[in-house]
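Visitor: Curious how this folds, go ahead:
(4 chains)
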Amino acid sequence: MSEFNITKDEIEVNEVVKTVVHPNAGAINTFIGTVRELTNKKRTLYLEYDAYIPMAEKKLKQIGEEITSKWKEARVSIVHRIGRLDISDIAVVIAVSTPHRADSYEASRYAIERIKEIVPIWKKEHWEDGEAWIGDQLETTQYPSGKPGKEHLND
Amino acid sequence: MSEFNITKDEIEVNEVVKTVVHPNAGAINTFIGTVRELTNKKRTLYLEYDAYIPMAEKKLKQIGEEITSKWKEARVSIVHRIGRLDISDIAVVIAVSTPHRADSYEASRYAIERIKEIVPIWKKEHWEDGEAWIGDQLETTQYPSGKPGKEHLND
Amino acid sequence: MISIMLFAGLQEKAGTEELKIDKDEMTVNELVESIRESDVNLDLTNVMVAVNEEFVSNPDQVIKSGDTVALLPPVSGG
Amino acid sequence: MISIMLFAGLQEKAGTEELKIDKDEMTVNELVESIRESDVNLDLTNVMVAVNEEFVSNPDQVIKSGDTVALLPPVSGG
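Guide: Residues are numbered from 1 along each chain as shown, chains lettered A, B, ... in the order given. Okay, here's the model as predicted:
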């Protein structure tokens, strides 16, 4: 059964995959977002994620519904972790099963793009020389360069 | 470290994913091929995979090299199972990590398409009313419809 | 009384998880203006308002005491 | 002696994992013709020849005793 969760615990990829296994699925595409150390040559020490949990889970579920309305036979689960995450820790796991492979890739890609648009989760980067909420236009922290640079783009 | 294996054992998704985790990876795309029960309304009971193992492993490794020449920072592992597989069993796991997500999707998709082109692995479908090596033009078995139908397309 | 949840950078800047406005009813636009004019000094550029866990795009939408209200900075999950 | 590995449908049809041809050297084309004319009765339509674990596209490529040779039906992994 599909799940759409925000969790403070480590995410087990296998457990998420299992929820979308189905006799009529021939393909399961999984997207795993991990904490990257270097972004534009700037070294991340660790991340912190905050979320508006009930709304975030509702929006993850909405993305699942958008997918099953576009790809009728798809099954989707999405789990996003919050709290402190170290380099290479898993922040998000998306699993989509479909009968045929092309749809599994497309629906999985759709899910991650939508997460970055509508799910109220926020990432704070901690670098050696500062910290900032990404997507934050408020400049509540000092940016080394004086203002947000390219590292604040979501990708 | 990357791996390119043919195995007779169950494939553990987590184990394959671990081989491509890297501090500069922000995205890991995983493709899991599972045994589908229904293809064009025809019910599969189980599958059998055969492989020319040393050449198949060499070709999987070649696909990995093709990917790292196209996507310089990618890390790739591919494991394909052979022998008898039941419905929903995992036949293949591809894991590709890249710094950014778009590349992980593209490189993973590239891998599965190349597997279907150049890796000497063969699938035999067992149905209630017959069996056939898929891709087999030899008609070594009786097809219920008299000749191979659409179910013999790889997808 | 209308309570407004804060997250991420807004929460840090305000130093609280929740703002309270002593009204029983107000529009989204009035809410935003009320916060702008208050002494919490939050920059609300690009901040979205969510009412009962849905983004609100109509500034005239009415918020009532008891509604769940949140200020959402641009998201950055994934 | 040249040994030729068989897989999948070809192996089942021939009832053996390996064919042997009593020659020390022959081209890929000669190998294919030799099998066609033998009594194993294999349909080699769309079958590729691999020599030393590489697909061979040149029918004039020479195979020598000791080379690893295989007949590969259209693949269907994944």
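
Visitor: now check the helix or strand bottoming out on mean pLDDT in chain A, is it near chain C?
Guide: Ranked by mean pLDDT, DSSP states H and E, the helix or strand of chain A with the weakest confidence is strand A:38-39, at a mean of 90. No: on the criterion C-beta under 8 Å from any C-beta of the partner chain, strand A:38-39 is out of touch with chain C, staying 12.5 Å away. Where C-beta positions appear, they are placed from N, C-alpha and C, glycine not excepted.

Visitor: any residues touching the helix or strand following that strand, and which ones?
Guide: Sequence-wise, the next helix or strand downstream of strand A:38-39 (DSSP states H and E) is strand A:42-51. Residues outside strand A:42-51 that contact it (C-beta atoms under 8 Å, 6 or more residues apart in numbering or on different chains): A:6, A:35-38, A:80-87, A:91, A:119-128, A:151, C:7-8, C:11, C:77.

Visitor: how much distance is there from strand A:42-51 to the middle of the chain?
Guide: Relative to the chain's own centre, strand A:42-51 is displaced by 13 Å; criterion: C-alpha atoms, centre = their mean, to the nearest Å.

Visitor: Compute the distance between the most centrally placed residue in chain A and C:S76, please.
Guide: With distances taken as C-alpha atoms, centre = their mean, A:V92 lies nearest the centre of chain A, 3.9 Å away. For A:V92, the distance to C:S76 equals 12 Å [C-beta to C-beta, to the nearest Å].

Visitor: cool, C:S38 as well?
Guide: Distance of C:S38 to C:S76, computed by C-beta to C-beta: 26 Å.

Visitor: Give me the more crowded residue out of these two.
Guide: Counting neighbours by other C-beta atoms under 10 Å in any protein chain shown for C:S38 and for C:S76 shows that C:S76 has the greater number, 23 against 12.

Visitor: Which element, helix or strand, includes the more buried one?
Guide: C:S76 belongs to no helix or strand, assigned by DSSP H and E.

Visitor: you'd agree it is up against A:G135?
Guide: Yes: using C-beta atoms under 8 Å, C:S76 is in contact with A:G135, at 3.7 Å.

Visitor: roughly how far out does stretch C:70-78 sit from the chain middle?
Guide: 12 Å.

Visitor: for A:S97, what are its contacts?
Guide: A:S97 sits in contact with A:V20, A:V21, A:H22, A:A25, A:A27, A:I28, A:A74, A:R75, A:S104, B:T34, where contact means C-beta under 8 Å, 6+ apart.

Visitor: That one is in what secondary structure piece?
Guide: Per DSSP H and E, the secondary structure element for A:S97 is strand A:90-98.

Visitor: That strand pairs with which strands, and in what direction?
Guide: Paired with strand A:90-98 in the same sheet, following DSSP bridges, are strand A:27-34 (antiparallel), strand A:75-81 (antiparallel).

Visitor: between those, which gets nearest to B:G64?
Guide: Minimum separation from B:G64 across the strands paired with strand A:90-98 (C-beta to C-beta) falls at strand A:27-34, 18.5 Å.

Visitor: CA-only coordinates of that closest one in CSV, if you can.
Guide: Provided in CSV are the C-alpha atoms of strand A:27-34 (Å, rounded to 0.1, in the frame of the first residue of the first chain):
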residue,chain,number,x,y,z
ALA,A,27,8.9,-1.5,-13.5
ILE,A,28,9.6,0.3,-10.3
ASN,A,29,11.5,3.6,-10.6
THR,A,30,12.9,4.9,-7.4
PHE,A,31,14.4,8.4,-6.8
ILE,A,32,16.6,8.8,-3.8
GLY,A,33,17.7,12.3,-2.8
THR,A,34,20.9,12.3,-0.8
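
Visitor: can you tell me which helix in chain C is longest?
Guide: In chain C, taking DSSP state H as the definition, the longest helix is helix C:28-37.

Visitor: now for it, which elements pack on it?
Guide: Helices and strands touching helix C:28-37, by 3 or more C-beta pairs under 8 Å, 6 or more residues apart in numbering or on different chains; DSSP states H and E, are strand C:2-6, strand C:18-21, strand C:48-51.

Visitor: Tabulate these (TSV), appending distance to chain A, mean neighbour count and mean pLDDT.
Guide: Shown next, in TSV, are the helices and strands packed on helix C:28-37 (distance: least, C-beta to the nearest C-beta, whole Å; neighbours: other C-beta atoms under 10 Å in any protein chain shown; pLDDT from 0 to 100):
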stretch	distance to chain A	mean neighbour count	mean pLDDT
strand C:2-6	7	20	98
strand C:18-21	12	15	96
strand C:48-51	6	19	97
